[in-house]
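Peer 1: Take this sequence and fold it.
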Amino acid sequence: MWVKLGDIADLYTGDSIPELVKTTKYTNIETGYDYIGTKDVGFDNMIAYNNGVKIPYDEKGFKYAYDTSILLCIEGGSAGRKIGKLKTKVCFGNKLCAITPFGFDNSYLYYFLQSDFFRFMFNEQNSGIIGGVSIKKMFELSIPLPPLAEQKRIVEKIEELEPLINRYGKASEELARIKSAFPEDLRNSILQQAVEGKLVPQNPADEPAGELLKRIKQERQQQIKEGKIKPSKLPKSNEPLNPADMPFKIPDSWIWQRLDNVGIYKKGPFGSSLTKGIFVEKSDNTVKVYEQKNAIYKDEKLGNYYITNDYFEQKMKGFEVFPGDIIVSCAGTIGETFVLPDNMEKGIINQALMKIKISNYIYVPYFLVYFDFIIKETSSNQSKGSAIKNIPPFDIFKQLPIPIPPLTEQKRIVKKIKDLDLLINNLFELIA
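Peer 2: Model prediction:
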């Protein structure tokens with residue numbers, strides 16, 4: 001039968017207690033009835049009894065709810081959503097409604113009050129002023145009432161299924177987490193295998209990286225001779241690396257080297273060198289200022305900051321970038337890289353970028369594989385687990401070790417990563 005809620009249950013709200021009175025008169029009392037406020041009824045249908053507030057057993061002027069009662073929040077932002085079934089007699093707050101059924105098990109009513117149908121009716125009656133429904137309207141809400149024996153069967157079936165639903169919910173959440181983390185976790189695993197020399201087989205016919213290193217050193221000596229770079233002042237950069245101290249073992253055909261010895265690195269100018277007053281409109285006599293967004297969004301066309309060619313020649317020439325240079329974002333969103341293309345505008349880096357020119361004997365895409373995996377991890381460690389705010393200081397950054405494979409293997413590694421990345425994307429589309 002369809003019945004009114006007020007015809008099958010007793011309904012009434014509790015009593016409010018001013019906060020000052022609550023803390024001075026009813027807190028830290030050893031014996032008495034627990035006082036249940038709205039905050040003590042959870043969205044998880046649980047009631048917190050041990051909140052430190054009690055009403056003495058002989059206190060007058062308070063309404064009580066009984067161990068057969070259900071407490072439902074009917075006022076405020078959590079109206080209709082906070083509910084709990086009592087297990088003992090309590091005093092309760094004025095935003096809660098005690099619902100005590102007449103002559104039947106409260107479990108059926110308890111589950112009905114959590115149904116979408118009831119919450120729809122409840123929301124339809126919502127006053128919309130402070131949220132909630134008056135006791136008068138609560139009395140008029142309709143409820144479908146089965147025979148008593150069927151009520152019990154319904155409750156038994158719900159309680160039989162509830163643990164399964166909870167298990168399914170947890171399994172579903174875990175599956176969603178795995179799906180979300182899957183591509184990134186798998187890619188990180190592939191990158192780890194790549195830089196350890198485990199992603200592709202070694203080819204005995206490849207020229208060992210030791211021979212490659214000789215040419216890198218010759219290249220660097222020539223750059224010093226031509227005045228393009230200065231000899232490193234970092235002590236460790238001129239010391240041989242001990243493979244036993246490196247973070248992982250690499251194949252015999254590979255070699256460890258410090259970043260300082262395989263590339264040229266330069267951070268952008270001081271901020272005071274590129275203030276708004278210096279920027280001009282683009283013209284035939286201007287030089288572009290590349291920004292973080294060029295690295296982050298991999299697009300050399302973004303941005304409209306320019307300086308005059310005269311200012312460039314006077315103070316900014318050392319920050320010029322060329323096709324094939326890598327620009328790196330160094331603040332906020334750090335570690336994003338972009339290789340400047342052949343059709344780039346003549347330009348310089350701003351204070352939030354670093355430029356890298358890698359040796360001609362290291363395949364740039366391989367270097368970026370290493371950079372993306374190792375440098376970001378190092379930056380995170382330098383930030384002590386907090387949000388990464390900066391590339392490590394240059395004296396640390398330049399001395400980081402890089403594992404160098406033979407040049408032909410560098411290219412095989414990059415190709416394998418691209419092939420696997422395509423497979424990961426296809427697989428993720430299948431399981432998403």
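Peer 1: so where do the strands sit in the stretch 1-150 of the chain?
Peer 2: For the stretch 1-150 of the chain, strands defined by DSSP state E, counting those that start in this stretch occupy the ranges 2-4, 9-13, 33-36, 54-55, 64-65, 70-73, 83-85, 90-92, 96-101, 142-144.
Peer 1: which one of the ones you listed lies closest to Glu19?
Peer 2: Proximity of those to Glu19 was assessed by C-beta to C-beta; the nearest stretch is strand 33-36, lying at 12.3 Å. In short, each C-beta sits where N, CA and C put it, glycine included.
Peer 1: Need the contact partners of that closest one.
Peer 2: Strand 33-36 is contacted by residues 14, 17, 22, 26, 47-51, 53-55, 57, 62, 64-65, 71, 88-93, 96 when judged by C-beta atoms under 8 Å, 6 or more residues apart in numbering.
Peer 1: Parallel or antiparallel, which strands does it pair with?
Peer 2: Strand 33-36 sits in its sheet next to strand 54-55 (antiparallel), strand 90-92 (parallel), going by DSSP bridges.
Peer 1: for those, which one ends up most surrounded?
Peer 2: Highest mean neighbour count of those: strand 90-92, a mean of 25 (counted as mean count of other C-beta atoms under 10 Å).
Peer 1: What number of residues are in the vicinity of Tyr110?
Peer 2: 20 (other C-beta atoms under 10 Å).
Peer 1: Would you map out the domains in the protein?
Peer 2: Domain segmentation of the chain under automatic domain parsing yields 2-145, 185-228+238-260+360-432, 263-358.
Peer 1: ranking those domains by mean pLDDT, which is last?
Peer 2: Mean pLDDT values for the domains of the chain show the minimum at domain 185-228+238-260+360-432, a mean of 83.
Peer 1: can you give me the strands in the stretch 301-432 of the chain?
Peer 2: Under the criterion DSSP E, counting those that start in this stretch, strands of the stretch 301-432 of the chain are mapped to 306-308, 320-321, 326-329, 337-339, 347-349, 353-358, 401-404.
Peer 1: can you map out the helices along the chain?
Peer 2: Remark: helices assigned in the chain by DSSP state H are 5-8, 19-25, 106-112, 116-124, 135-140, 148-195, 209-225, 292-296, 309-311, 364-370, 376-382, 394-397, 407-431.
Peer 1: how about those in a markdown table, adding distance to Ala244?
Peer 2: Supplementary listing: those in a markdown table, determined by distance: least, C-beta to C-beta, whole Å:
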| stretch | distance to Ala244 |
| --- | --- |
| helix 5-8 | 77 |
| helix 19-25 | 65 |
| helix 106-112 | 66 |
| helix 116-124 | 65 |
| helix 135-140 | 76 |
| helix 148-195 | 18 |
| helix 209-225 | 17 |
| helix 292-296 | 36 |
| helix 309-311 | 50 |
| helix 364-370 | 20 |
| helix 376-382 | 20 |
| helix 394-397 | 21 |
| helix 407-431 | 23 |
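Peer 1: Need the winner for burial among the ones you listed.
Peer 2: The highest average neighbour count among the helices of the chain, using mean count of other C-beta under 10 Å, belongs to helix 292-296 at a mean of 22.
Peer 1: for it, packing partners?
Peer 2: When contacts are defined as 3 or more C-beta pairs under 8 Å, 6 or more residues apart in numbering; DSSP states H and E, helix 292-296 packs onto strand 326-329, strand 337-339, strand 353-358.
Peer 1: Of all the ones you listed, which one is nearest Gln257?
Peer 2: Evaluated over these, closeness to Gln257 peaks at strand 353-358, with 11.8 Å, by C-beta to C-beta.
Peer 1: For that closest one, which helices and strands make contact with it?
Peer 2: Contacts defined by 3+ C-beta pairs under 8 Å, 6+ apart place strand 353-358 against strand 263-267, helix 292-296, strand 326-329.
Peer 1: of all the ones you listed, which lies closest to Pro183?
Peer 2: Pro183 lies closest to helix 292-296 among the helices and strands packed on strand 353-358, at 19.7 Å (C-beta to C-beta).
Peer 1: Not counting its own residues, what contacts the closest one?
Peer 2: Contact partners of helix 292-296, identified using C-beta under 8 Å, 6+ apart, comprise 299-300, 302-303, 327-333, 336-338, 350, 352-353.
Peer 1: I'd like to know which of the residues you listed are buried.
Peer 2: For these, a neighbour count by 16 or more other C-beta atoms under 10 Å gives the buried set as Glu300, Gly303, Ile327, Val328, Ser329, Cys330, Glu336, Thr337, Phe338, Asn350, Ala352, Leu353.
Peer 1: which one of those is nearest Glu211?
Peer 2: Thr337 (27.6 Å).
Peer 1: That closest one and Asp325 touch, don't they?
Peer 2: No. Counting by C-beta atoms under 8 Å, no contact exists between Thr337 and Asp325, whose distance comes to 10.6 Å.
Peer 1: Any chance of CSV for the strands of the stretch 301-432 of the chain, columns distance to Phe112?
Peer 2: Converted to CSV, those look like this (distance: least, C-beta to C-beta, whole Å):
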stretch, distance to Phe112
strand 306-308, 70
strand 320-321, 69
strand 326-329, 56
strand 337-339, 59
strand 347-349, 66
strand 353-358, 63
strand 401-404, 65
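Peer 1: okay, the ones you listed, which one's buried deepest?
Peer 2: strand 347-349 (a mean of 26).
Peer 1: Quickly run through the sheet partners of that strand, with directions.
Peer 2: strand 286-290 (parallel), strand 320-321 (antiparallel).
Peer 1: got the contact list for that strand?
Peer 2: Residues outside strand 347-349 that contact it (C-beta under 8 Å, 6+ apart): 266-269, 287-290, 307, 312, 316, 319-321, 327, 355.
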